[in-house]
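**Q** Turn this into a structure:
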Amino acid sequence: MKKLVILMVVASAAHAGGRATYGDYVRAVRAIEEQRLEEAETLVNELVRTAPDDPDAQTLAAQIAFLDGEYDKANEILAKIDAKKGLAAELKALVASTIAATKGFDKKTSAGGHFVITYAPGKDEVLVDLAAETLEAAYQKIGEDVGWRPTKPVRVEILPKISDLARVSTLTEREIETSGTIALCKYNKLMVVSPRATIFGYPWLDTMAHELTHYLISRATLDKTPIWLHEGLAKYEESRWRASPGEGGLGRAHEHLLAVALRKNKLITFEQMHPSMALLPSQEAAGTAFAEVYTIVAWMREKVGYPGLRNMLGRIRDGRTERRAIAEVMAMPFESVESAWKHHLRSLNLRPDPALAGKVPKIRFDKSAKDSENVGVEQVPEEKARRLARLGGLLRARGHLAGAATEYEKARQSAPDDPFIGGKLARTYLELGQPEKAVEVATPFAHDREDAGPQATLGAAYLKLGDNSQAINFLLAAERLSPFDPAVRCGLADAYSAIADEMHAERERAACERVKRD
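**A** Coordinates of the predicted model:
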């Protein structure tokens with residue numbers, strides 16, 4: 001909403017009248033712009049009281065209502081003023097599209113009371129408790145890291161489709177698909193697309209924590225932190241709800257992208273990341289940028305710790321540029337910081353992953369071939385292996401599991417490190433009643449935290465082997481990516497029951513039945 005409120009200052013001067021001054025409008029607009037929303041609401045209410053007929057005051061009141069999640073109230077206010085053009089028209093269109101996208105949503109407050117989650121009734125119900133638990137854990141851990149926690153509940157909207165994310169934001173569907181953007185923190189809320197909008201899922205719980213980090217940083221720094229540092233902190237912190245600092249690491253795909261960029265000397269500049277990662281030209285470019293900013297934040301935290309990062313954010317809040325704030329905390333010119341970080345990157349000796357060459361995993365939105373065994377086989381680079389894997393998929397789809405395993409084994413001989421082939425072969429061995437063999441084949445691919453397949457297979461295999469602890473660990477990793485997989489939710493129900501954790505078993509059992517319905 002920054003564009004709306006900045007320009008509204010100019011419009012407001014003409015309507016201030018005798019009772020509300022230009023300065024009153026400036027203070028209200030600045031409070032909104034700096035995310036001081038409680039203060040902004042008080043200032044806007046006073047504007048409306050002293051200038052009730054002023055359309056700009058009414059537009060600000062509608063904006064406050066919208067930011068508070070009172071969409072119908074915002075719509076009613078805008079309906080009473082001339083909203084056919086200009087800023088009021090932009091806000092009216094956004095309010096109307098948001099109402100349409102969230103119509104009929106249910107609502108649930110997290111157990112800790114810090115989040116209100118709205119979602120479409122139906123399948124997405126199985127996400128809500130998991131989301132609430134994750135966000136409450138993130139509220140504690142990331143809030144401590146950043147040095148700020150909200151006092152009012154944070155609104156979270158789980159959207160069924162990427163087209164809904166486009167409707168409730170300024171992004172187009174094309175920009176979303178090109179960049180792989182799947183969630184946003186904007187308009188005083190978190191907006192996250194349901195994993196069921198994708199073919200293979202995505203790290204949706206980490207993504208929620210990522211967006212919460214954006215929310216906390218925006219409020220802690222009066223929305224003055226530039227996008228590259230915002231994204232670096234959010235990427236670094238997104239796993240904090242479940243892991244120690246830095247334990248999450250970059251992940252296989254991001255390490256590969258960064259290694260390629262370093263080898264080609266084609267790093268994305270901080271300037272290119274502005275004004276949004278979502279506007280970068282491809283998912284590869286966005287992935288490279290995220291890898292870069294993650295590493296600089298991780299490196300700075302190693303040097304100055306969380307106290308240093310909080311000091312940095314405080315200096316940005318107080319008006320310093322991020323470069324000056326970083327230079328002061330790191331005790332060296334920013335140019336030296338940037339140079340030292342790049343030297344650090346090269347000292348990591350990152351190497352491109354041959355198995356990912358030319359086919360970095362992307363969030364896939366096209367679900368037209370969702371039920372095909374061979375979705376993704378085109379990414380197998382070696383022609384012979386690809387042909388054999390395709391044949392294995394056809395046999396598996398027809399229930400010829402032994403024949404499928406034979407073809408997948410042949411394919412693995414041609415491409416032993418290919419994750420698609422390994423994942424399919426491991427799953428086939430599991431279905432053949434050979435869990436030990438499934439574990440052997442799937443384990444080398446378990447380090448890829450953005451591929452649910454090996455995690456789900458290992459979880460199911462360990463469950464069959466009676467190792468419930470290992471089963472739960474791997475099934476939870478799969479659930480963080482693919483929560484609508486019946487094998488994952490049903491497997492967790494069985495594993496929790498086996499260790500007499502009936503609270504979690506009951507939740508997963510209900511989810512198991514819900515996801516199996518359609």
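
**Q** Okay, and the spatially most central residue of the chain sits in which element?
**A** With distances taken as CA atoms, centre = their mean, Thr207 lies nearest the centre of the chain, 2.5 Å away. Using DSSP states H and E, Thr207 maps to helix 204-220.

**Q** just to revisit the earlier point, can you tell me which residues contact the residue nearest to the centre of the chain?
**A** Residues in contact with Thr207, defined by CB atoms under 8 Å, 6 or more residues apart in numbering, are Ile182, Ala183, Val192, Glu238. Quick note: C-beta positions are derived from backbone N, CA and C, even for glycine.

**Q** try it again with 7 Å
**A** Taking CB atoms under 7 Å, 6 or more residues apart in numbering, we find Thr207 in contact with Ile182, Ala183, Val192.

**Q** can you give me phi and psi for the nearest residue to the first one once chain neighbours are set aside?
**A** Sequence neighbours aside, Val193 is the residue nearest to Ile182 in space, at 5.0 Å (criterion: CB to CB, 6 or more residues apart in numbering). The phi and psi torsions at Val193 (degrees, to the nearest 10) take the values phi -80, psi 140.

**Q** Switch the contacts of Thr207 over to CSV; also include distance to Leu91.
**A** Formatted as CSV, these follow (distance: CB to CB, whole Å):
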residue, distance to Leu91
Ile182, 25
Ala183, 23
Val192, 23
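
**Q** Now tabulate the residues you listed in CSV and tack on neighbour count, distance to Ile176 and secondary structure.
**A** Output for those, formatted as CSV (neighbours: other CB atoms under 10 Å; distance: CB to CB, whole Å; DSSP: H, G, I helix; E, B strand; the rest coil):
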residue, neighbour count, distance to Ile176, secondary structure
Ile182, 25, 8, coil
Ala183, 20, 10, strand
Val192, 24, 13, strand
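
**Q** Do a quick rundown of the strands in this protein.
**A** Along the chain, the segments classed as strands by DSSP state E run 106-109, 115-119, 154-159, 183-186, 189-193.

**Q** Of all those strands, which one comes closest to Pro381?
**A** strand 189-193 (29.5 Å; CB to CB).

**Q** quick one: strands adjacent to the closest one?
**A** strand 154-159 (parallel), strand 183-186 (antiparallel) (DSSP bridges).

**Q** Any chance of TSV for those, columns distance to Ala325?
**A** TSV is the format used below for these (distance: least, CB to CB, whole Å):
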stretch	distance to Ala325
strand 154-159	26
strand 183-186	21
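
**Q** which one of the ones you listed is the most hemmed in?
**A** Most buried of the strands paired with strand 189-193, by mean neighbour count (mean count of other CB atoms under 10 Å): strand 154-159, with a mean of 24.

**Q** And it, how far out from the chain middle?
**A** Taking CA atoms, centre = their mean, to the nearest Å, one finds strand 154-159 lying 12 Å from the centre of the chain it belongs to.

**Q** Excluding chain neighbours, what is closest to Thr59?
**A** Closest to Thr59 by CB to CB, 6+ apart is Ala88, at 4.7 Å.

**Q** Now for that neighbour: which residues touch it?
**A** By CB under 7 Å, 6+ apart, the residues touching Ala88 are Pro55, Thr59, Leu78, Ile81.

**Q** Mind pulling up the pLDDT for the third one?
**A** Among the per-residue scores, Leu78 shows a pLDDT of 95.

**Q** how about low-confidence regions in this structure?
**A** 1-18, 357-362, 366-372 (pLDDT under 70).

**Q** Longest helix in it, please.
**A** What stands out as the longest helix in the chain, according to DSSP state H, is helix 283-317.

**Q** Which of the residues in that one are classified as buried?
**A** Residues of helix 283-317 classed as buried by neighbour count (16 or more other CB atoms under 10 Å): 283-301, 304, 308-317.

**Q** residue ranges for the helices of the stretch 1-150 of the chain, please.
**A** Using DSSP state H, counting those that start in this stretch, the helices of the stretch 1-150 of the chain run over 2-13, 22-33, 37-50, 55-67, 71-79, 86-101, 125-146.

**Q** could those be laid out in CSV, adding distance to Ala452?
**A** Listed next are the helices of the stretch 1-150 of the chain as CSV, based on distance: least, CB to CB, whole Å:
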stretch, distance to Ala452
helix 2-13, 37
helix 22-33, 40
helix 37-50, 37
helix 55-67, 35
helix 71-79, 34
helix 86-101, 27
helix 125-146, 14
